[in-house]
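Asks: Sharing a model that was predicted from the sequence below.
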Amino acid sequence: MAKQAINKIIDGKLIASQITDEIKKELSLHNNIKPGLALILVGNNPASEIYVKMKEKKCAELGYHSIVNRLSEKITEAELLAHIRSYNNSSKIHGILIQLPLPKHINEMNVLEAVDYRKDVDGFHPINAGRLMIGEKCFTPCTPAGIHELLKRYNVITSGKNAVVIGRSNIVGKPIANILLQKSKGANCTVTVAHSATAGISEFTKKADIIIAAIGKPEFLKANMIKKGVVIIDVGINRVDDPDSKKGYKVVGDVDFNECSKKASLITPVPGGVGPMTIAMLMKNTLDSAMKRIYS
Ligand code: NAP
């Protein structure tokens, strides 16, 4: 019984480390290439600090050239755009990442559009978002790219399957829905996108062969909302109180793992599922940019 449970797990840590190894191998074959990533952090958001540190550490492990530009919460939009322009013009920088969220006085879209789309390794520039939608080569946002990679590497049959994406954010829900809709490997699904105004969400999730949960609500998806054999990808990262833990909290996903893992054929855990894939795909996008694989 225990073994059966283990076989159901989609191990994001394992796949992320395989991708890291593949990047190292490629770099050893092209020792004239040194990918460069500029990470821009505005303000002191503690979660953003942690994410940026993790990305910096991964760059160091891979021998990338990385710059972390920590900017004051009070920076003006014009000053921030000037920093971005300097990285757009730097031959050592192949990828630019603006850690979100930005302070309220800065227009996020102006900032994302200021990044040269050929260095937009987060895939948030409208040119990359548009190209993703029409199935053209582009930088794909890292979390959806990681989800796609997990489905492919676990040989999940996707063609002709019903995929339900819960959540329609620009960084997860919409891009993964667009990926799964493409007529390509690891995709070709019939896609439904649900959101907070969706009436009778269970009627959709019960028919799903694949569910991508990107909601931001702890353990939202319950066993009575799914059918047996479904493949579940849980994107959620939610902190909930846990008096039994030393920290006083634990991290859970958007899926009730204990309940749903009993019915699912494959499921990602939280942590250790989608999370590690996001950074791995950022590193892959930065390598692809340095190798001029997307825009030459
Ligand atoms: P977001 O921008 O807040 O979007 C949440 C989406 O869920 C929205 O489209 C919202 O609908 C929908 N939603 C909210 N309540 C709902 C409900 N009751 N029923 C159906 N849909 C509902 O969040 P996000 O940035 O996409 O992130 C989602 C989760 O993934 C968060 O927990 C986040 O921390 C996590 N995340 C993880 C990674 C990773 O690397 N693992 C990366 C990014 C995000 P409306 O559009 O109608 O408001």
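Replies: On my side now, so go ahead.
Asks: Only C-alpha atoms from now on, for both contacts and neighbour counts.
Replies: Noted.
Asks: what's the average pLDDT for the helix or strand harbouring residue 78?
Replies: Using DSSP states H and E, residue 78 falls within helix 77-88. The average of the pLDDT scores along helix 77-88 is 98.
Asks: Equivalent analysis for stretch 130-140, please.
Replies: Here the average pLDDT along stretch 130-140 is 98.
Asks: what does it rub up against?
Replies: 120-123, 128-129, 175, 178-179, 182, 285, 294-295 (CA atoms under 8 Å, 6 or more residues apart in numbering).
Asks: again, but for stretch 180-189
Replies: Under CA under 8 Å, 6+ apart, the answer for stretch 180-189 is 135, 148, 151-152, 155-163, 179, 190-191.
Asks: for stretch 281-296, same thing?
Replies: With CA under 8 Å, 6+ apart as the criterion, stretch 281-296 contacts 19, 23, 33-37, 58-59, 94-95, 118-119, 121-122, 137-139, 142-143, 145-146.
Asks: List the buried residues of it.
Replies: Buried residues in stretch 281-296, defined by neighbour count with 16 or more other CA atoms under 10 Å: 281-291.
Asks: again, but for stretch 29-47
Replies: 34-43.
Asks: mind giving me JSON lines with those and columns for pLDDT, secondary structure and distance to the ligand?
Replies: Shown next, in JSON lines, are these (pLDDT from 0 to 100; DSSP: H, G, I helix; E, B strand; the rest coil; distance: CA to the nearest ligand atom, whole Å):
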{"residue": "34", "pLDDT": "97", "secondary structure": "coil", "distance to the ligand": "25"}
{"residue": "35", "pLDDT": "98", "secondary structure": "coil", "distance to the ligand": "22"}
{"residue": "36", "pLDDT": "98", "secondary structure": "strand", "distance to the ligand": "21"}
{"residue": "37", "pLDDT": "98", "secondary structure": "strand", "distance to the ligand": "18"}
{"residue": "38", "pLDDT": "98", "secondary structure": "strand", "distance to the ligand": "19"}
{"residue": "39", "pLDDT": "98", "secondary structure": "strand", "distance to the ligand": "16"}
{"residue": "40", "pLDDT": "98", "secondary structure": "strand", "distance to the ligand": "17"}
{"residue": "41", "pLDDT": "98", "secondary structure": "strand", "distance to the ligand": "17"}
{"residue": "42", "pLDDT": "98", "secondary structure": "strand", "distance to the ligand": "18"}
{"residue": "43", "pLDDT": "97", "secondary structure": "coil", "distance to the ligand": "19"}
